[in-house]
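Undergrad: mind looking at a prediction? Sequence and model below.
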Amino acid sequence: MDRVAPLELLDLDGTLSAEDRDMRAVVRKLVDDLVRPHVAGWYEQGRAPVRELAAEFGKLGLLGMHLSGYGCAGATATAYGLACLELEAGDSGVRSLVSVQGSLAMFAIHRYGSEEQKQRWLPPMAAGEAIGCFGLTEPDHGSDPAGMATRARRDGGDWVLTGGKMWITNAPVADVAVVWARTDEGVRGFAVPMDTPGVTAHEIKHKMSLRASSTGEIVLDDVRLPEAARLPGAEGLKAPLSCLTEARFGIVWGALGAARECLETAIDYACGREQFGRPIAGFQLTQAKLADMALELQKGYLLALHLGGLADAGRLRPEQVSVGKLNNVREAIAIARQCRTILGANGISAEYPVMRHANNLESVLTYEGTSEVHQLVVGQKLTGLSAFV
Ligand SMILES: Cc1cc2nc3c(=O)[nH]c(=O)nc-3n(C[C@H](O)[C@H](O)[C@H](O)COP(=O)(O)OP(=O)(O)OC[C@H]3O[C@@H](n4cnc5c(N)ncnc54)[C@H](O)[C@@H]3O)c2cc1C
């Protein structure tokens, strides 16, 4: 009997433009060629060839893909989302590389930087020749960045930065960090070249999730920067928060890629694996699991398409992105864990992508605002009451 891929159940591809479908096919092939054959090994070793991948992604215009000018592709938000989906079907760490580069570091410079900063950083970042990172989280300040301890004080015409950032994707391999610091005038952002004296980055080891990604700590020890390093358009915490909204949009789509990969793996496995003399896919309990997962995957995809449409119309609001991140990551991790059960003991093996995706999604659930924080954002919108303060 004919089989339909889980993301093709509702013929949603018909809603995409031919251009978007072509672009998606190119990214899928890139992931097939460059990521899938190697990613289990990277994950086991706890490192990924970030620079090599960035160079390849740069050639395809995937870095800062939804930005315009300065060597960026100027793609639609929906096209960017589809690319994130395909990349994360390979691995969440690979999608994180692209999200942090494009939606956090490049977006911050593109939106808030001076012309000189844009000219200096964006073209090499779009080409994957320069790697960027985004330092907001600190050891003692995660969900509540307003409490940040990193300071920037004026010293003559310069700034001097002191403090530290923690859990920063790409930091150990980065050429530039967008660092957020408290000043006497409020929170400000700085484009910090990583070779500035006083800046050091250390790889965070022993991660059990997102292992095919470089994550680090940044130490800022009396780092002297000229005024020209400050992002002139960024005033207050709303600036870094707007960057996070950009990156979360990619996660709304990316998480579905991880879930799709798990579900397709589980279906193939269940059709081939026999117990009690028949394929386990023929058992009603297995089919109930598969059907329920396919439903959630489709619903998440519909949500992503809707949010993509709003973004392309310039009408996407932050709390709507929270709805997408909260739902799609929560459902993706539930799908990954359920698929793991279908693979039985093989489900815990790196021979299959399922456990890797499930473990990765633990990070995705936490970064760019935890699920609880997004519940509070949506709750505030529903009630008019803030539970944050
Ligand atoms: C692999 C990885 C990569 C990352 N990359 C980056 C990066 O590139 N740049 C960057 O700046 N950060 C990055 N982060 C950090 C990430 O954004 C933070 O971990 C996240 O914001 C949560 O902060 P925290 O870990 O300090 O947890 P905490 O804020 O300490 O939260 C712990 C728990 O308390 C809950 N909680 C907190 N406040 C409330 C509340 N008011 N009500 C209810 N529950 C609450 C949280 O939801 C969570 O469950 C990364 C994290 C990981 C794991």
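TA: Looks like it arrived, so ask away.
Undergrad: for the protein, which residues are neighbours of the ligand?
TA: Within the chain, the residues that sit near the ligand (Cβ under 6 Å from any ligand atom) are 100, 133-137, 142-143, 167-169, 210, 215, 363, 366-367, 370, 372-373, 376, 388. Heads up, the C-betas are built off the backbone N, CA and C, glycines and all.
Undergrad: for the ligand, what's the nearest residue on this protein?
TA: Using Cβ to the nearest ligand atom, the closest approach of the chain to the ligand is made by Gly142 at 1.8 Å.
Undergrad: contacts only, for that residue.
TA: Gly142 sits next to Trp167 when contact means Cβ atoms under 8 Å, 6 or more residues apart in numbering.
Undergrad: can we start the residue count at 16 from this point?
TA: With the count now opening at 16, the last piece we talked about shows up as Gly157.
Undergrad: would you agree Arg62 falls within a strand?
TA: No. When DSSP: H, G, I helix; E, B strand; the rest coil is applied, Arg62 is found to be coil, with no strand at that position.
Undergrad: next, the contact list for it, please.
TA: Going by Cβ under 8 Å, 6+ apart, the list of residues near Arg62 reads 226-227, 229.
Undergrad: swap in Gly96?
TA: Residues touching Gly96, when contacts are defined by Cβ under 8 Å, 6+ apart, comprise 264-265, 267-268, 319, 322-323.
Undergrad: which element is it on?
TA: Element membership for Gly96, per DSSP states H and E: helix 92-105.
Undergrad: just the C-alpha atoms of that helix, please, in CSV.
TA: Coordinates of the C-alpha atoms in helix 92-105 are reproduced here as CSV (Å, rounded to 0.1, in the frame of the first residue of the first chain):
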residue,chain,number,x,y,z
ALA,A,92,10.8,34.8,6.4
THR,A,93,9.0,31.7,5.2
ALA,A,94,12.0,30.7,3.1
TYR,A,95,14.3,31.2,6.1
GLY,A,96,12.0,29.1,8.2
LEU,A,97,12.0,26.3,5.7
ALA,A,98,15.8,26.4,5.6
CYS,A,99,15.8,26.1,9.5
LEU,A,100,13.5,23.1,9.3
GLU,A,101,15.8,21.3,6.9
LEU,A,102,19.0,22.2,8.8
GLU,A,103,17.5,21.0,12.1
ALA,A,104,16.4,17.8,10.5
GLY,A,105,20.1,17.3,10.3
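Undergrad: quick one: the helices in the stretch 166-315 of the chain?
TA: Read by DSSP state H, counting those that start in this stretch, the stretch 166-315 of the chain holds these helices, from start to end of the chain: 253-287, 299-327.
Undergrad: looking at those, which one is packed in the most?
TA: helix 253-287 (a mean of 24; mean count of other Cβ atoms under 10 Å).
Undergrad: next, the angle helix 299-327 makes with that one.
TA: Our comparison of helix 253-287 with helix 299-327, counting by axes from the mean of the first three to the mean of the last three Cα atoms, to 10 degrees, yields an angle of 150 degrees.
Undergrad: what is the mean pLDDT for helix 253-287?
TA: Helix 253-287 comes out with an average pLDDT of 97.
Undergrad: list the ones among the residues of the chain next to the ligand that fall in strands.
TA: Residues of these located in strands (DSSP state E): 148-150, 182-184, 230.
Undergrad: of those, grab the buried ones for PyMOL.
TA: What follows is the PyMOL syntax selecting those of those that are buried according to 16 or more other Cβ atoms under 10 Å:
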select buried, resi 148+149+150+182+183+184+230
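Undergrad: any idea how far Ser401 is from Val392?
TA: Here the distance between Ser401 and Val392 works out to 10 Å (Cβ to Cβ, to the nearest Å).
Undergrad: who's more crowded, these two?
TA: Between Ser401 and Val392, counted using other Cβ atoms under 10 Å, Val392 has the larger neighbour count: 22 against 10.
Undergrad: for that one, list the residues it contacts.
TA: Shown here is Val392, whose contacts under the criterion Cβ under 8 Å, 6+ apart are 333-334, 337, 384.
Undergrad: now do the strands in the stretch 16-165 of the chain.
TA: 83-84, 87-88, 147-150 (DSSP state E, counting those that start in this stretch).
Undergrad: with mean pLDDT added, can I get the ones you listed in JSON lines?
TA: Converted to JSON lines, the strands of the stretch 16-165 of the chain look like this (pLDDT from 0 to 100):
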{"stretch": "strand 83-84", "mean pLDDT": "98"}
{"stretch": "strand 87-88", "mean pLDDT": "97"}
{"stretch": "strand 147-150", "mean pLDDT": "98"}
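Undergrad: would you turn those into a markdown table with distance to Glu250?
TA: Output for the strands of the stretch 16-165 of the chain, formatted as a markdown table (distance: least, Cβ to Cβ, whole Å):
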| stretch | distance to Glu250 |
| --- | --- |
| strand 83-84 | 23 |
| strand 87-88 | 24 |
| strand 147-150 | 17 |
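Undergrad: so which of the ones you listed comes closest to Arg110?
TA: Nearest to Arg110 among those is strand 147-150; the distance by Cβ to Cβ comes to 15.0 Å.
Undergrad: so what strands line up beside the closest one?
TA: Strands flanking strand 147-150 in the sheet, each with its direction: strand 191-198 (parallel) (DSSP bridges).
Undergrad: any idea how far the strand it pairs with is from the chain center?
TA: On the basis of Cα atoms, centre = their mean, to the nearest Å, the separation between the geometric centre of strand 191-198 and that of its chain is 20 Å.
Undergrad: need the contacts of Gly96 in CSV with distance to Ile124, can you?
TA: As requested, these are exported to CSV (distance: Cβ to Cβ, whole Å):
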residue, distance to Ile124
Phe264, 18
Gly265, 17
Val267, 23
Trp268, 23
Ala319, 26
Leu322, 24
Gly323, 24
